[in-house]
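Participant: this one's structure only:
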């Protein structure tokens, strides 16, 4: 499933949920330095959708806050719940 996400680096805690201009919000505690926030966001997405990290692939937006990712094994129901704001905190 292809998903548009909005990454918010430097957040107080890592969480996935809510929407920003139709994109799924992924807040990560990691700062936006050398792609670390992107990597943390992809790991948080994997945890939120209950898939392995290797099942989440960045399609575009490596250095942008808005990114497009492919998530193998993601369901439309899980995406709808996360967009609605049923946030999933990523494991530490």
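Facilitator: Good, I have the coordinates. Worth saying up front: this structure is predicted, and the values here are computed from it rather than measured. Numbers count the residues shown, from 1 in each chain.
Participant: From now on I want contacts and neighbour counts done on CA atoms only, so please keep to that.
Facilitator: Will do.
Participant: now the strands for the chain?
Facilitator: For the chain, the strands defined by DSSP state E cover 2-8, 15-20, 23-27, 56-60, 66-71, 88-89.
Participant: most remote residue from the chain's center?
Facilitator: Each residue of the chain has a distance to the centre, and by Cα atoms, centre = their mean the biggest one is for residue 34: 17.4 Å.
Participant: And for residue 24, nearest residue in space, chain neighbours not counted?
Facilitator: Excluding its sequence neighbours, the residue lying closest to residue 24 (Cα to Cα, 6 or more residues apart in numbering) is residue 5, at 4.5 Å.
Participant: May I see the buried residues of the longest helix along the chain?
Facilitator: Taking DSSP state H as the criterion, the chain has its longest helix at helix 36-49. By 16 or more other Cα atoms under 10 Å, the buried positions in helix 36-49 come out as 37-49.
Participant: Quick check: which of the strands of the chain is buried the most?
Facilitator: By mean neighbour count, with neighbours taken as mean count of other Cα atoms under 10 Å, strand 23-27 ranks first of the strands of the chain at a mean of 25.
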